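# show me the folded form of this:
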Amino acid sequence: MSQEKKKSEAASARRRFLSSAGTVAGYSALMAMVPPGVRSAAWAAGSDAPEKKEVLN
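Numbering: from 1, shown residues only. Predicted coordinates:
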């Protein structure tokens, strides 16, 4: 493999890694701005009630 092709592939991989890392950092920053109460409520939005009101034996 030629030296230029190796450098090109390394640069491409580095670009993809930095792009992915930037995306993750951006989403993390957005989640950090959401208040903790809202974050926990968003995951626990279900009901504790049974699916059927009447249970048959």
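
# least confident secondary structure element in this protein?
Considering only helices and strands, the least confidently modelled element of the chain by mean pLDDT, DSSP states H and E is helix 36-43, at a mean of 72.

# mind naming the longest helix for this structure?
Secondary structure of the chain read by DSSP state H shows that its longest helix is helix 3-33.

# for the record, mean pLDDT for that one?
Averaged across helix 3-33, the pLDDT comes to 90.

# now do residue 32 against residue 52, distance only.
Summarising the geometry, the distance separating residue 32 from residue 52, computed by C-beta to C-beta, to the nearest Å, is 41 Å. Where you see a C-beta, it was placed from the backbone N, CA and C, and this is true even at glycine.

# what about residue 27, neighbour count?
Here the neighbour count serves as a burial measure; for residue 27 (other C-beta atoms under 10 Å) it reads 10.

# er, residue 7 actually
Neighbour count of residue 7, defined by other C-beta under 10 Å: 10.

# from here on, count from 2
From this message on, residue numbering opens at 2, which makes the last subject residue 8.

# dump the residue contacts of it.
By C-beta atoms under 8 Å, 6 or more residues apart in numbering, the contact set of residue 8 is empty.
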